[in-house]
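Asks: Sequence and predicted structure are below.
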Amino acid sequence: MKKRDKIIYWIATVWLSLGMLSTGIVQLLQLEENIQSMELLGYPMYLLSILGVWKILGVITILIPKVPLFKEWAYAGFFFVMTGAIISHIAIGDETVTLFGPTLLLALTVTSWYFRPANRKLTKQ
């Protein structure tokens, strides 16, 4: 792996981890702003707890060594959650500014996944 690719991977992964961890914690705390957003989107409040727990577990999974299959699942989960958030905001006609966070996290997810080192990928058997 080239040094440049390793640097890109770690920058994207650290920022992705910070973003997912912070939003996961905020969702677990169920702050008023998050509750209002979920009500506006039409989702049940318990979804905040589910998303918060899964985001935190996903961050742990992509940061720890080994477990490449779980890493693939974590990246897929992040991809689905962020595309779901983008589509949900577009569907209700939310302001464009609300798309910035999920779009940034989606870009970081794809970048981190693409540039991950060989020892963090599934190997063909």
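Replies: Looks like it arrived, so ask away.
Asks: Could you pull up the residues touching the residue nearest the centre of the chain?
Replies: Residue closest to the average C-alpha location in the chain (C-alpha atoms, centre = their mean): residue 78, at 3.6 Å. Residue 78 is in contact with 16, 20, 55, 58, 105, 106, 109, counting by C-beta atoms under 8 Å, 6 or more residues apart in numbering. No exception for glycine: its C-beta is placed from N, CA and C like everyone else's.
Asks: Closest to residue 29 out of the residues you listed?
Replies: residue 55 (12.7 Å; C-beta to C-beta).
Asks: Quickly find the element holding the closest one.
Replies: Secondary structure assignment for residue 55, by DSSP states H and E: helix 46-63.
Asks: Can you identify the element that follows that helix toward the C-terminus?
Replies: Next element after helix 46-63 (DSSP H and E): helix 68-91.
Asks: Now do that following helix against helix 46-63, angle only.
Replies: Put simply, helix 68-91 runs at 140 degrees to helix 46-63, going by axes from the mean of the first three to the mean of the last three C-alpha atoms, to 10 degrees.
Asks: how long is stretch 93-100 end to end?
Replies: 14 Å (C-alpha to C-alpha, to the nearest Å).
Asks: Can you point out the buried residues in it?
Replies: Residues 98, 99 are the ones in stretch 93-100 that count as buried (16 or more other C-beta atoms under 10 Å).
Asks: With stretch 115-125 instead?
Replies: In stretch 115-125, counting by 16+ other C-beta under 10 Å, buried: 115, 116, 120.
Asks: Take these and write them to a markdown table, including pLDDT and secondary structure.
Replies: Listed next are the buried residues of stretch 115-125 as a markdown table, based on pLDDT from 0 to 100; DSSP: H, G, I helix; E, B strand; the rest coil:
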| residue | pLDDT | secondary structure |
| --- | --- | --- |
| 115 | 95 | coil |
| 116 | 93 | coil |
| 120 | 86 | helix |
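Asks: following the longest helix along the chain, which helix or strand comes up?
Replies: Counting by DSSP state H, the longest helix found in the chain is helix 3-29. Following helix 3-29 in sequence order, the next helix or strand is helix 32-41 (DSSP H and E).
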